[in-house]
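Trainee: Quick one: sequence plus predicted model below, questions after.
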2 protein chains.
Amino acid sequence: MNKPLILVVEDDTPVRNLITTTLKAHDYRFLTAANGESAVLEASSHNPEIILLDLGLPDMDGVEVIHKVRSWSNMPIIVISARSEDTDKIEALDAGADDYLTKPFSVEELLARLRVTQRRLAALQIGAVNADAVFTNGKLKVDYAAGCAFLDGEELHLTPSEYKLLCLLCKNMGKVLTHTFITQQLWGRSWENDVASLRVFMATLRKKLEKEPGSPQYIQTHIGVGYRMMKVE
Amino acid sequence: MNKPLILVVEDDTPVRNLITTTLKAHDYRFLTAANGESAVLEASSHNPEIILLDLGLPDMDGVEVIHKVRSWSNMPIIVISARSEDTDKIEALDAGADDYLTKPFSVEELLARLRVTQRRLAALQIGAVNADAVFTNGKLKVDYAAGCAFLDGEELHLTPSEYKLLCLLCKNMGKVLTHTFITQQLWGRSWENDVASLRVFMATLRKKLEKEPGSPQYIQTHIGVGYRMMKVE
DNA sequence: CTGTATATTAAGACGGCATTAAGACATCGC
DNA sequence: GCGATGTCTTAATGCCGTCTTAATATACAG
């Protein structure tokens, strides 16, 4: 999570280079795409955290890219466009864009708006509602700030996915989360196969978390629906 | 939840009126504040969904307002400012603002960015627990959000079909539901055989729900017609 | 009293779930 | 660049809970 992956969609090479060198200088990883088709492809295959999108692409309109991406993901999309007309902005924003910068843009402002987006992503992960940095439930503790979990004082060694999954359940304690909701939050997509993966993760997570994985204490299964973090004691 | 509450912080009366009339015209509710102090006060006491914040306030810097609000909440803050310098934008965004518009601004763009913010809020609260999500009748409680039912404080272990059936009856308390209606709601179909299944489910549900399944307290049978959830006490 | 509708019980079929293992993949250190 | 480590994906298997169906018992209405 320390080096966010950004997808830069821009056909103009100098501008693209400007952006990518800036990103590199500020400890981001990045992918690039020079047209709409490859943008959609890269977005779906690499699941970047944020998309920087130029609207003026050679093969399709940028707004179309937004629509395509939005059909299966709600990853943040920041538009960078030469079009400064209100109607363009509104169209892009209503299509699903999260922000809109007009060229020529300030590199510093772009970075600031990236930080805003990242901050929001982080808040989404840990649950913006409760400001507590530490979640506690029975013998389970999750330290969002430190990014680790403890059971009965001992640290749990969780993989990134297991940790995300646990956070998601914790932040929604008491609520049943559907399979599709969970997979969307974890991977930004939701096709049938992912439910199988989800089950595997749930198994490994439970093995680490539950004393008797056979009769789980913390994570309850709701058949045909999803999972739910129980309040303990 | 259909009419979001917006806090408008702006000392210049004409601008404030422009914003508020626009909001009113688009079915928003709003509060106003003309200085930083009352802005913080209104924000904390009324807990608006979104804050529209002018940076040029008479009593304190707008950035300070952001910091104060952010100390206890991460409600969305959209800055509207006459300052178009990069440094101002960056300072405000890094302080915790979610968006930054420069005056003179387009009303339509403001509305579009409000919609973006609302969309994001909605996504955040996918399974938001509203108080109405809990049905109560006598000792029976059904928590629709959590997807489970309680009798006298103890959780009932219901199968998916039993739970659906119970929900259907609860949501139509007092009304007699016909066999065909129930089977259609449960399985989307309604052939004769399903009534037999329905009876089996009703038996298992009653066994879990009623103290004396012989003389049911909650679910009444209407011979030749269907079933009905009774109001208890 | 008789026929019809409902309640109850049990048994088998079915499907979803947990679990395991193996291969693909990315990451990191050398 | 290359290998080692750890993680993710995919597929296969067995199990358990749930649903259906049928058979029997009970309540109700005419």
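Mentor: Structure received.

Trainee: Which residue ranges make up the domains of chain A?
Mentor: Per the record, chain A has its domains at A:5-126, A:134-229, by automatic domain parsing.

Trainee: Mind checking these for the one nearest to residue B:70?
Mentor: domain A:5-126 (10.3 Å; Cβ to Cβ). Backbone N, C-alpha and C define where each C-beta goes, glycine included.

Trainee: What's opposite the nearest residue to residue A:222 once chain neighbours are set aside in the beta bridge?
Mentor: By the measure of Cβ to Cβ, 6 or more residues apart in numbering or on different chains, the closest residue to residue A:222 outside its immediate chain neighbours is residue A:176, 5.1 Å from it. When assigned by DSSP bridges, residue A:176 has beta-bridge partners residue A:228.

Trainee: doesn't residue A:227 make contact with residue A:176?
Mentor: Yes - here residue A:176 lies in contact with residue A:227, judged by Cβ atoms under 8 Å, at a distance of 7.2 Å.

Trainee: Looking at those two now, which is surrounded by more residues?
Mentor: Taking other Cβ atoms under 10 Å in any protein chain shown, residue A:176 and residue A:227 do not tie; residue A:227 has more neighbours (24 against 21).

Trainee: Please tell me how far the more buried one sits from residue A:193.
Mentor: 18 Å (Cβ to Cβ, to the nearest Å).

Trainee: quick one on the thing from earlier: ok, now how distant is the residue nearest to residue A:222 from residue B:147?
Mentor: For residue A:176 relative to residue B:147 (Cβ to Cβ), the value is 4 Å.

Trainee: Name the residues contacting each of those two.
Mentor: A:222, A:225, A:228 (Cβ atoms under 8 Å, 6 or more residues apart in numbering or on different chains).

Trainee: Residue A:133: how many residues sit nearby?
Mentor: Look at residue A:133: counted by other Cβ under 10 Å, it has 11 neighbours.

Trainee: ugh, typo on my part, it should be residue A:228
Mentor: Neighbour number of residue A:228 under other Cβ under 10 Å is 20.

Trainee: Note down every partner strand of the helix or strand that residue A:52 is a member of and its orientation.
Mentor: Assigned by DSSP states H and E, residue A:52 falls within strand A:50-54. Strand A:50-54 has the following sheet partners, assigned by DSSP bridges: strand A:5-9 (parallel), strand A:77-81 (parallel).

Trainee: Same list, those strands, but as a markdown table with distance to DNA strand D please.
Mentor: Formatted as a markdown table, the strands paired with strand A:50-54 follow (distance: least, Cβ to the nearest atom of the strand, whole Å):
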| stretch | distance to DNA strand D |
| --- | --- |
| strand A:5-9 | 14 |
| strand A:77-81 | 22 |
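
Trainee: Indicate which one of the ones you listed is closest to residue A:47.
Mentor: Closest of these to residue A:47 is strand A:5-9, at 8.0 Å (criterion: Cβ to Cβ).

Trainee: element containing residue A:167, please.
Mentor: Going by DSSP H and E, residue A:167 is in helix A:160-171.

Trainee: would you say residue A:185 is within a helix?
Mentor: Yes - under DSSP: H, G, I helix; E, B strand; the rest coil, residue A:185 sits within a helix.

Trainee: For burial, what's the neighbour tally of it?
Mentor: Residues near residue A:185, counting by other Cβ under 10 Å, number 21.

Trainee: my read: it touches residue A:171, true?
Mentor: No - counting by Cβ under 8 Å, residue A:185 does not reach residue A:171; the two are 9.9 Å apart.

Trainee: now the domains of chain A as TSV including distance to residue B:77 and mean pLDDT?
Mentor: Formatted as TSV, the domains of chain A follow (distance: least, Cβ to Cβ, whole Å; pLDDT from 0 to 100):
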stretch	distance to residue B:77	mean pLDDT
domain A:5-126	10	89
domain A:134-229	22	87
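
Trainee: at contact distance from DNA strand D, anything in the top helix by length along chain A?
Mentor: Ordering each helix of chain A by length in residues (DSSP state H) puts helix A:107-126 first. No - Helix A:107-126 lies out of reach of DNA strand D by Cβ under 7 Å from any atom of the strand, never closer than 13.9 Å.
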